[in-house]
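# Below: sequence and its predicted model.
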Amino acid sequence: MAERLTPGVYVEEVGGGVRPIQGVGTSTAGFIGEAARGIPDRAEFVSGFRDFERRFGGHRRGEAGFLAAGVEAFFAAGGRRAYVVRVLPADAAAGFVGPVAARAADVWGVTRDALRFDARGNGAWSDQLRLHVEPSTSFTDRAYRLRVEWVEGGRSRTVELFDNLSTDPASEDYGPRLVNETSQYLRVTDLYQQSLDQPERTVPPLPEEVPAVVSRAPAGDGHRIPVGARLTFAWRDAISGLGTDAAAPPSVTFTEATVEGAGGSVENGLGLLTPERLRGVLAAALGDDFRVSRPGDGEVVRVEPAIASRAYVAITPPPDEDSFDLTPVDAVRVRVAQADGDAEQLYEVDTTDPATDELSPAQLAARMAEAIEGAAAGNPYGLKVDSAGRFVVLTAPAASDGVTIAVEAVGAAAPWPEPRRAGGTAGMVVDDLSAVEVTVGETIQLGVGRALSALFPSVRANGLVENDAGNPLLRPAETEDTPLRLLGGSDGTGEVGVTQYTGAVTEAGRTGLHAFDTVDVNLLVMPGRNSPDLLSAAMAYCDNEDVFLVADGVGSIDREFEISADEVRRLGEGLPARSNNAALFYPWIEVPDPVGVGRAPRRTIPPSGHVAGIFARTDATRGVWKAPAGIEAVVSGAVDVQHRLVNADQDLLNVIGVNCIRQFPGVGIVSWGSRTLSADPQWRYVPVRRTALFLKESLRRGLQWAVFEPNDDELWDRISINISAFMLGLFRQGAFQGATPDEAFAVKCDRETNPQELVDAGIVTAQVAFAPLKPAEFVVIQISQKSLLAV
């Protein structure tokens with residue numbers, strides 16, 4: 001209720017009470033079968049046969065061509081909308097590429113596997129995909145972009161683009177998750193995460209890293225920084241709250257005196273500094289809060305907070321060797337000390353035992369751990385020894401004074417490529433480096449140019465814990481001018497079985513018939529597939545999904561195929577299942593063969609595609625309540641039928657629900673039957689059942705607004721009014737029997753249909769009854785003689 005505090009005129013919008021119910025479509029067909037190409041087990045929308053050819057290829061010979069022939073017949077007969085699902089044999093295979101390596105080697109010199117890409121579905125269609133791993137648009141230092149390209153007929157087009165993807169599973173932009181949830185073409189596997197789950201590691205851990213901001217490589221002689229520019233640096237640990245003073249963070253101002261004092265020069269208001277001199281300026285200004293590294297090969301300056309980090313050392317056997325030869329070695333020594341060399345702890349591994357002449361990395365690691373645990377001084381530094389594949393890894397936790405580790409051989413040259421020594425930095429100890437963030441900002445000053453964007457491309461960074469999946473090194477290598485191709489995809493060579501048609505719902509997706517679960521189809525067509533077990537499965541699917549099955553009767557591509565009407569009757573009676581939502585059509589029909597040879601070639605195809613088109617055409621011109629049969633139901637494009645039936649034949653078939661395709665003089669080839677395969681007489685006719693399906697779905701969608709409304713008399717009246725208005729509109733279109741609306745339908749939604757126990761259970765019930773129009777299947781004309789003397 002709106003507030004009315006000030007006198008005046010208030011205009012409010014109120015609901016009219018009537019929410020029109022829109023009738024749903026009834027003629028969108030779902031086709032499933034074999035095709036020349038295309039992504040399998042995915043419902044693709046097509047609006048014409050040319051659209052089908054572009055996605056799935058054209059006509060094929062033999063039974064493999066039934067799908068294309070059926071789809072073409074559907075659109076030729078009057079159909080307008082269809083979804084197509086391609087199925088493949090069980091021996092079909094999916095294309096893949098991988099492992100795709102990370103873009104750079106880690107500190108141990110190991111280039112790790114990053115990702116594997118698999119096609120989303122079996123088949124050779126994946127040969128047309130090209131994958132491009134490119135720099136991220138927004139986060140070039142820690143993310144990547146994946147572009148999926150479709151190549152066909154010498155032309156390429158980008159079909160999917162995933163930008164700013166992360167390698168960190170905890171991130172909202174985690175690449176494998178985003179791609180697997182949304183891509184229509186790919187599945188991605190994170191091989192690095194898989195390696196972490198393996199019980200035995202084959203490579204050493206990725207070390208933790210202190211967060212750092214890194215300057216951009218200068219152009220020409222050095223950095224050009226506007227005189228007077230002022231940068232501020234800060235870091236903070238989100239867990240402990242430790243960090244720089246938020247009120248007065250460390251800063252540096254590039255005055256003329258600062259630049260010239262560092263050995264630089266000033267020209268036209270710009271300070272010219274080499275990376276080494278920039279390092280000196282930053283180091284002097286930032287003091288003990290930050291460490292500023294000297295320029296490396298990339299001519300950059302690294303600024304990181306003065307936080308302690310742990311020490312790592314890894315040793316490996318010589319190249320082409322799997323073990324350490326300790327024959328000439330008297331002992332192996334492990335030294336651990338503070339960064340300045342004080343408080344050293346020495347651990348010596350005895351190698352005089354002949355049994356230790358040849359030690360695997362795991363054996364040497366075990367000997368080192370045994371020596372550390374048995375030392376009289378204990379293990380004050382918390383030194384840990386482990387093995388991973390060919391590596392022996394020693395780790396010491398971070399310490400405020402820093403820590404160094406050295407592994408030495410006594411008495412001879414070391415049985416590894418070189419003596420190993422490593423140190424962790426000194427500084428403030430934090431529990432989780434990933435919770436530490438370092439930022440650099442700029443104080444904007446009037447008349448002074450910007451320096452931040454020229455010096456630091458990324459102004460914010462977080463630390464990395466050990467084996468952190470967000471490590472930028474783990475991003476897949478960029479493809480540049482050589483895109484990745486998915487190889488190994490195959491269409492298979494076996495036959496497509498019932499299992500491939502029925503499909504399943506799995507974690508990998510929906511296959512077979514279940515590919516239609518996510519789209520809106522009204523008719524299901526499986527051209528030429530009429531085995532009893534498949535028909536039973538299709539009927540069950542249609543019953544669950546309120547879809548109508550247009551099935552094919554007995555037939556063959558062999559034009560000389562012969563079968564009697566009585567044999568067809570026995571096959572029809574022997575179906576293991578019956579359904580209200582299915583109709584069977586017989587015989588098969590002959591049409592021109594677009595891929596045949598010779599003069600005016602013909603072929604025999606199943607009639608379901610033509611019949612589904614007749615359904616769609618009749619729905620559009622007469623309504624779903626009109627039987628799709630009779631002289632209006634001409635089978636477009638048919639030149640003959642495989643078996644010409646006579647009335648005596650149809651006498652046997654009509655009573656068991658087999659609808660016949662007949663050829664009549666002066667009429668042509670028409671659909672001459674409109675019965676379902678229902679065992680219930682009230683659903684004997686196709687238009688009656690399809691009208692009921694139409695009403696069910698229209699009411700279901702049109703009454704969504706009523707969910708969670710107050711369950712009282714007002715709601716019941718509104719529901720009754722809406723349904724009555726909808727049914728009245730259909731009555732005026734001739735959808736029901738009866739001369740008046742009261743004779744045609746009835747709607748009841750009141751206290752009688754909604755007793756208190758149902759209201760308490762959250763249920764509202766409306767009863768809708770309709771008088772269906774049933775087709776005049778038998779037109780009887782009674783003729784008698786009339787006598788002139790009759791009174």
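Yep, it's here. Please read all numbers here as calculations on a predicted model, not as lab measurements.
# so how far does stretch 439-449 reach from one end to the other?
End-to-end distance of stretch 439-449: 20 Å, with Cα to Cα, to the nearest Å as the criterion.
# Tell me how far it lies from the chain's centre.
The gap between the average C-alpha position of stretch 439-449 and the chain average comes to 44 Å, counting by Cα atoms, centre = their mean, to the nearest Å.
# Tell me which residues of that stretch come out buried.
By neighbour count, and taking 16 or more other Cβ atoms under 10 Å as the criterion, the buried residues in stretch 439-449 are 439, 440, 441, 442, 448. Just so you know, the C-beta spots here come from the backbone N, C-alpha and C atoms, and that holds for glycine as well.
# Which of the residues you listed fall in strands?
Judged by DSSP state E, strands contain the following of these: 439, 440, 441, 442.
# Run a quick neighbour tally on residue 185.
Using other Cβ atoms under 10 Å, the number of residues around residue 185 comes to 21.
# Would you map the strands across the stretch 51-200 of the chain?
In the stretch 51-200 of the chain, strands defined by DSSP state E, counting those that start in this stretch lie at 82-86, 96-101, 113-119, 129-135, 144-152, 155-165, 186-190, listed in chain order.
# Sheet partners, orientation included, of the third one?
In other words, strand 113-119. Looking at strand 113-119 with DSSP bridges, its paired strands and their directions are strand 96-101 (antiparallel), strand 186-190 (antiparallel).
# which regions of the stretch 151-300 of the chain lie under the pLDDT threshold?
Segments of the stretch 151-300 of the chain classed as low confidence (criterion: pLDDT under 70) are 295-299.
# one more time with 90, if that's ok
In the predicted model, the stretch 151-300 of the chain carries pLDDT under 90 at residues 152-155, 170, 184, 195-206, 215-224, 245-248, 262-271, 273-276, 287-288, 293-300.
# and among the strands paired with strand 113-119, the most buried is which?
For these, ranked by mean neighbour count under the definition mean count of other Cβ atoms under 10 Å, the leader is strand 186-190 at a mean of 20.
# what's it in contact with?
98, 114-120, 129, 131, 148, 160, 167, 169, 175-176, 179-180, 469, 508 (Cβ atoms under 8 Å, 6 or more residues apart in numbering).
# Mark which of the residues you listed are buried, thanks.
For the contacts of strand 186-190, a burial check counting by 16+ other Cβ under 10 Å picks out 98, 114-120, 129, 131, 148, 160, 167, 175-176, 179-180, 469.
# So what does residue 731 have for phi and psi?
The phi and psi torsions at residue 731 (degrees, to the nearest 10) take the values phi -60, psi -40.
# On the pLDDT front, check it for me.
Per-residue confidence (pLDDT) for residue 731: 97.
# Please give the number of neighbouring residues around it.
Counted with other Cβ under 10 Å, residues neighbouring residue 731 total 19.
# Now residue 175: closest residue in space, sequence neighbours ignored.
Counting by Cβ to Cβ, 6 or more residues apart in numbering, the nearest residue to residue 175 once its immediate chain neighbours are dropped is residue 165, at 3.5 Å.
# separation between that neighbour and residue 172?
For residue 165, the distance to residue 172 (Cβ to Cβ, to the nearest Å) stands at 11 Å.
# Lowest mean pLDDT among the helices and strands, pick that one out for this structure.
Sorted by mean pLDDT, DSSP states H and E, the helices and strands of the chain end with strand 420-424, the least confident at a mean of 80.
# who does it pair up with?
Pairing partners of strand 420-424, with direction, according to DSSP bridges: strand 403-410 (antiparallel).
# Now the strand it pairs with: buried residues?
Applying a neighbour-count criterion of 16+ other Cβ under 10 Å, one finds 403, 404, 405, 406, 407, 408, 409 buried in strand 403-410.
# Next: stretch 481-496.
Counting neighbours by 16+ other Cβ under 10 Å, stretch 481-496 gives 483, 484, 486, 489, 490, 491, 492, 496 as buried.
# Show residues contacting that stretch.
Residues from elsewhere that reach stretch 481-496, judged by Cβ under 8 Å, 6+ apart: 34, 87-97, 100, 117-119, 122-127, 129-133, 149.
# if we can go back for a sec, between residue 165 and residue 172, which is the more surrounded one?
Each of residue 165 and residue 172 had its neighbours counted (other Cβ under 10 Å), and the higher figure belongs to residue 165 (23 against 8).
# Return the residues in contact with that one.
Taking Cβ under 8 Å, 6+ apart, we find residue 165 in contact with 136, 143, 144, 145, 146, 173, 174, 175, 178, 179.
# ok, now which ones touch the residue lying closest to residue 457 once chain neighbours are set aside?
Residue nearest to residue 457 in three dimensions, not counting chain neighbours: residue 216, with 5.3 Å by Cβ to Cβ, 6+ apart. By Cβ under 8 Å, 6+ apart, residue 216 lies in contact with 300, 454, 455, 456, 457.
# that older thread, mind putting the strands of the stretch 51-200 of the chain into JSON lines with distance to residue 326?
Compiled in JSON lines, the strands of the stretch 51-200 of the chain are given as follows (distance: least, Cβ to Cβ, whole Å):
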{"stretch": "strand 82-86", "distance to residue 326": "62"}
{"stretch": "strand 96-101", "distance to residue 326": "34"}
{"stretch": "strand 113-119", "distance to residue 326": "32"}
{"stretch": "strand 129-135", "distance to residue 326": "44"}
{"stretch": "strand 144-152", "distance to residue 326": "44"}
{"stretch": "strand 155-165", "distance to residue 326": "46"}
{"stretch": "strand 186-190", "distance to residue 326": "39"}
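# and residue 66, which of those strands is closest to it?
The stretch from the strands of the stretch 51-200 of the chain with the least distance to residue 66 (Cβ to Cβ) is strand 82-86; that distance is 12.5 Å.
# backbone phi and psi for residue 616, please?
When read as degrees, to the nearest 10, the backbone of residue 616 gives phi -60, psi -40.
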